[in-house]
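A.B. asks: please find the sequence and the predicted model below.
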Amino acid sequence: MWILFAFLSALFAGITAILAKFGIRKTDSYVATAIRTVFVLLFAWLMVFVVGSQGQINQISSRSLLFLVLSGLSTGASWLFYFKALQIGDINKVTPIDKSSLVLTMLLAIIFLGESVTWLKVFCMVLIGIGTWLMIQKKAPKVTQPAEASLLEPSQAELTSTGELLPEVRGKPWMLYAVGSAVFAALTSILGKVGIQGVESNLGTAIRTIVVLVMAWAIVFITRKQNTIKSIDKRSWIFLILSAVATGSSWLCYYKALQDGPASVVAPIDKLSIVVTVGLSYLFFKEKLSRQALVGLALIVAGTLLLLV
């Protein structure tokens, strides 16, 4: 059953990236992350009361609570990096780097959780690593679309007051943000695995979300971006809320799978969300993959599926 939850997590995670890309085009990425977290929190606690696990809060050990908090902090950092990278970079570039966190997750699971290491796992990690490298290399030229397909045009958040691209968009700092997202995402899986031992998965997810919420809004006020909330249009609000619901669904499925299954297998299945993301990014954003990137995607998928053997 945990395999089913892992695949559902991947599906919702893939949808999240597309919805979030729509939502943050005209919104500061830190503010967007904080707003999304509010709705994820509401969704997570709703599920806690639906399954009736709220009474178990007093039974959570101090050790589990500590790791849930650390996992929440790591998730918050991963989110902030990820959505910043997503705002200024192409989905087909950012997503593979973020999903490469599964290689680090597998290594950390072997080192700290004592999960078994086999030559097959090593081979799969190599395939995934090579696939990621191929996907972030030089991409094929973009296909020019009619005027109404304005999704390819730079968002307001990517332009200066004179209409020029920001320096961070012209360069590649989005890659640094994506790498940071991957590192913290890997730490999240390991810390979360330890934290939910003996804790109902929905309750564990809800507690972690409180930490993420506090961290996300702290960053908003530190960077003094809270005043930009008033300028968020209705369309962006809709997609931010939808992406939050997709994220909440992904989280609930992911931590249910993580509670019952090995982290070194659950994490790779979850990262299959890249297939959903790539497909939808082509459909909605016309971000076309080169043959090299397609080979890279095939290697990532092959490496992930082999882990289920």
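C.D. replies: Right, received. Where do you want to start? In this text the structure is predicted, and so the values were computed from the model without any measurement. Numbering: from 1, shown residues only.
A.B. asks: show me the contacts for the residue nearest to Val211 when sequence neighbours are not counted.
C.D. replies: Once flanking residues are discounted, Val211 sits nearest to Gly72: 2.8 Å by C-beta to C-beta, 6 or more residues apart in numbering. From N, CA and C alone the C-beta is placed, and that goes for glycine too. By C-beta atoms under 8 Å, 6 or more residues apart in numbering, the contact list for Gly72 reads Ile207, Arg208, Thr209, Ile210, Val211, Val212, Met215.
A.B. asks: closest to Ile3 out of the residues you listed?
C.D. replies: Arg208 (22.6 Å; C-beta to C-beta).
A.B. asks: and Ile210, how many neighbours?
C.D. replies: Neighbourhood size, Ile210 [other C-beta atoms under 10 Å]: 16.
A.B. asks: please save the CA atoms from the helix or strand harbouring it in PDB.
C.D. replies: Per DSSP states H and E: Ile210 is located in helix 201-222. In PDB, the C-alpha atoms belonging to helix 201-222 read as follows (Å, rounded to 0.1, in the frame of the first residue of the first chain):
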ATOM      1  CA  SER A 201       1.500  10.400   9.500                       C
ATOM      2  CA  ASN A 202      -1.200  13.100   9.000                       C
ATOM      3  CA  LEU A 203      -0.500  14.500  12.400                       C
ATOM      4  CA  GLY A 204       3.200  14.500  11.800                       C
ATOM      5  CA  THR A 205       2.700  16.400   8.500                       C
ATOM      6  CA  ALA A 206       0.500  19.000  10.200                       C
ATOM      7  CA  ILE A 207       3.000  19.600  12.900                       C
ATOM      8  CA  ARG A 208       5.800  20.100  10.400                       C
ATOM      9  CA  THR A 209       3.700  22.500   8.400                       C
ATOM     10  CA  ILE A 210       3.400  24.800  11.500                       C
ATOM     11  CA  VAL A 211       7.200  25.100  11.500                       C
ATOM     12  CA  VAL A 212       7.300  25.800   7.800                       C
ATOM     13  CA  LEU A 213       4.600  28.400   8.200                       C
ATOM     14  CA  VAL A 214       6.500  30.300  10.800                       C
ATOM     15  CA  MET A 215       9.800  30.100   8.900                       C
ATOM     16  CA  ALA A 216       8.200  31.200   5.600                       C
ATOM     17  CA  TRP A 217       6.500  34.300   7.100                       C
ATOM     18  CA  ALA A 218       9.700  35.200   9.000                       C
ATOM     19  CA  ILE A 219      11.600  35.400   5.700                       C
ATOM     20  CA  VAL A 220       8.800  37.500   4.200                       C
ATOM     21  CA  PHE A 221       9.000  40.100   7.100                       C
ATOM     22  CA  ILE A 222      12.900  40.000   7.200                       C
END
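A.B. asks: quick one: list the elements packing against it.
C.D. replies: helix 29-51, helix 62-88, helix 173-195, helix 234-260 (3 or more C-beta pairs under 8 Å, 6 or more residues apart in numbering; DSSP states H and E).
A.B. asks: of all the ones you listed, which one is nearest Met1?
C.D. replies: helix 234-260 (7.0 Å).
A.B. asks: now the closest one and helix 201-222, what's the angle there?
C.D. replies: Angle, helix 234-260 to helix 201-222, by axes from the mean of the first three to the mean of the last three C-alpha atoms, to 10 degrees: 140 degrees.
A.B. asks: give me the helices and strands touching helix 234-260, please.
C.D. replies: helix 2-23, helix 29-51, helix 173-195, helix 201-222, helix 263-270.
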